[in-house]
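Novice: A predicted structure for the sequence below; I have some questions about it.
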Amino acid sequence: MINRGNHKSDIFREEEDYRMFLKLLEKAQKQYTFFIISYCLMTNHVHLQIETSTFPIWDITKYLFCTYSHYFNRKYDEFGHLFQGRYNSEIIDDDAYYLETSRYIHLNPVKAHIVTKPIDYPWSSYSAYMGASKCSLVSEGKILEYFSKNSRSYKEFVEAR
């Protein structure tokens, strides 16, 4: 799923904003019971690869994006829509697409020329995949299972571009 700032405006202005979004994501995860496969918080948009079977995705996104919008508008004395519109999402029912989505999300800051290596971007789940940080939000096991059965590692898969 992706959601972009209204008029491509920034939705994260300070480190505290990124942290608040992740805190709200954690609250949403506890309330709605879903798995976060990968995520990347960019300055003006959010990528989330989630897996849910109990609650519809629109319940999760409504809570997450509405709550974050209220936080943002209060903090910056703004009003109105923070996000451009309804989030965009697709059902992933194919293993190759499942893996490719995770790679795309983790490479987003590299393709935007913010960092040269995905491990250097602090607002993504990639460092959890690499074992460089612990993130209780992310369920990286399912993707990493694909790479334990062959010689190609997830890092090589992602960074091969």
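Specialist: Yes, it's here. Numbers count the residues shown, from 1 in each chain.
Novice: how about the helices in the protein?
Specialist: Assigned by DSSP state H, the helices in the chain fall at 15-32, 57-75, 95-111, 126-129, 141-148, 154-159.
Novice: just give me the neighbour total for residue 74.
Specialist: Look at residue 74: counted by other C-beta atoms under 10 Å, it has 10 neighbours. C-beta: built from backbone N, CA, C; applies to glycine.
Novice: lowest average confidence across the helices of the chain, which one?
Specialist: Lowest mean pLDDT of the helices of the chain: helix 141-148, a mean of 88.
Novice: for that helix, name the packing helices and strands.
Specialist: Helix 141-148 sits against strand 35-41, helix 95-111, helix 154-159, with contacts defined as 3 or more C-beta pairs under 8 Å, 6 or more residues apart in numbering; DSSP states H and E.
Novice: mind saving the C-alpha coords of the shortest one as CSV?
Specialist: The C-alpha coordinates for helix 154-159 follow below in CSV (Å, rounded to 0.1, in the frame of the first residue of the first chain):
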residue,chain,number,x,y,z
TYR,A,154,18.0,-11.3,0.6
LYS,A,155,20.7,-8.6,0.6
GLU,A,156,22.0,-9.8,-2.7
PHE,A,157,18.4,-10.0,-4.0
VAL,A,158,17.6,-6.4,-3.0
GLU,A,159,20.9,-4.8,-3.8
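Novice: show me which positions of that helix end up buried.
Specialist: Residues 154, 155, 157, 158, 159 are the ones in helix 154-159 that count as buried (16 or more other C-beta atoms under 10 Å).
Novice: so the last one versus residue 41, what's the distance?
Specialist: In this structure, residue 159 and residue 41 are 20 Å apart, going by C-beta to C-beta, to the nearest Å.
Novice: same check on the third one?
Specialist: Distance, residue 157 to residue 41, using C-beta to C-beta: 22 Å.
Novice: residue 81 contacts residue 70, correct?
Specialist: No - Residue 81 lies out of contact with residue 70 (C-beta atoms under 8 Å); the separation is 11.8 Å.
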